[in-house]
Each structure stands twice: as C-alpha cells, then as structure tokens.
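Colleague: Give me a 3D structure for the following:
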Amino acid sequence: MSLALVFLLAGLVSSSCEGTFWTTDETGSDVQKTSYATGEFVYIYGNGFPSTHIYHSYEIMRGASPSGPVVESGTVETTPGGDITPDPTKIWEIPTDYPYTGPHKVYLYTDGCTKHKVFQISVGETPSVPESALMVGLISLLVPSMIYLFRKKI
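Modeller: Okay, the predicted model is just below:
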C-alpha cells in the first residue's frame with residue numbers, strides 16, 4: 001500500500017507543466033509584446049497545453065508581485081491539440097483612463113500549474129503637451145509683441 005502511494009506522489013511531482021503562451025498584438029505578429037499603452041488590447045496566443053482541458057482560466061494582476069490586485073480575469077479556450085483558440089485571443093482592453101502604469105502580469109492556470117508573462121503599461125499612446133506649457137508659450141509670444149506695440153504708440 002505504501003509503495004502505491006510513493007508511485008502516486010512521484011507521478012504528481014514529476015508531472016510537467018505543459019504549454020506556453022505569449023502576449024501579443026491583434027495580428028499575433030508582435031511575439032512576446034511587453035509594452036502596451038492605454039486604449040490598446042492585450043492578446044495572448046500559445047500551444048502545447050494539455051488536451052484534457054478545453055478551458056483555462058487567467059488573471060491579469062497589477063504590479064510585479066503575485067499578490068497584486070486583479071484587474072481582469074476570464075477563460076481562454078484550447079483546441080484538442082492544445083493550442084489557444086482563436087489565435088490570438090483578446091483578453092483585455094486597457095481602458096483609456098486606466099491610471100496605473102508599470103508592470104502587470106498575466107497568469108494562466110492549467111492542470112495545477114501556473115504560468116505567467118509580464119508586460120508594461122504606459123499612459124497614452126503619444127506624449128501630449130500639457131495645457132500649461134501651451135499657455136506659457138502663447139504668453140511668451142504675445143507679451144513682447146504687446147510691449148513693442150505699446151511703446152511704439154507712446
């Protein structure tokens with residue numbers, strides 16, 4: 001009886017964590033995409049997952065630690081051959097007003113295994129000129145012109 005238990009435990013310990021996945025864009029051409037802006041979609045694709053599971057759950061967490069707050073969760077589907085389908089699969093639309101930048105992690109759970117990928121979020125797609133800088137620029141152009149015109153009339 002104890003020998004059977006040893007074999008059972010050995011089988012559990014030696015079982016491999018199958019499958020791999022990557023973060024990507026909607027075309028799947030940006031392999032291992034790790035930088036996203038607000039307003040973009042996060043996609044994943046992958047293969048080699050166990051054929052015994054059709055659905056695998058995922059969570060997207062904010063921050064570098066595994067205890068960060070969950071910002072999105074759901075499931076992804078795999079084919080009987082172990083490929084994530086559709087390829088690629090959209091898992092999150094980063095809100096345009098999302099206030100958190102920096103590292104985020106996608107955790108994919110399957111067969112008692114946890115796999116993760118890290119990606120970064122930056123705010124906005126292109127840097128914008130702050131309104132105050134625009135006002136300073138306009139004032140710096142207008143004031144000398146006004147002084148010149150005022151002095152000319154005196």
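
Colleague: mind showing which ranges of the chain have poor pLDDT?
Modeller: Counting by pLDDT under 70, the chain has low-confidence residues at 1-16, 123-154.

Colleague: hey, where'd the helices end up in it?
Modeller: For the chain, the helices defined by DSSP state H occupy 2-14, 131-153.

Colleague: Relative to residue 43, how far out is residue 119?
Modeller: Counting by CB to CB, to the nearest Å, the gap from residue 119 to residue 43 is 11 Å. (C-beta placed from N, C-alpha, C; glycine too.)

Colleague: you'd agree residue 103 is up against residue 61?
Modeller: No: assessed by CB atoms under 8 Å, residue 103 is found out of contact with residue 61, at 9.4 Å.

Colleague: Mind checking which of those two has more residues around it?
Modeller: Remark: of residue 103 and residue 61, residue 61 carries more neighbours, 20 against 16, as counted by other CB atoms under 10 Å.

Colleague: Specify the beta-bridge partners of the more buried one.
Modeller: Using DSSP bridges, the bridge partners assigned to residue 61 are residue 70, residue 105.

Colleague: follow-up on the earlier one: what is in contact with residue 119 and residue 43 at once?
Modeller: Contact with both residue 119 and residue 43 is made by residues residue 23, according to CB atoms under 8 Å, 6 or more residues apart in numbering.

Colleague: burial measure for the closest residue in space to residue 113 that isn't next to it in sequence, as a count.
Modeller: Leaving out its chain neighbours, the residue that sits closest to residue 113 by CB to CB, 6 or more residues apart in numbering is residue 17, at 3.4 Å. Residues contacting residue 17 under the criterion other CB under 10 Å number 13.

Colleague: Verify the stated contact: residue 17 with residue 116.
Modeller: No: contact between residue 17 and residue 116 fails when scored by CB under 8 Å: they sit 11.4 Å apart.
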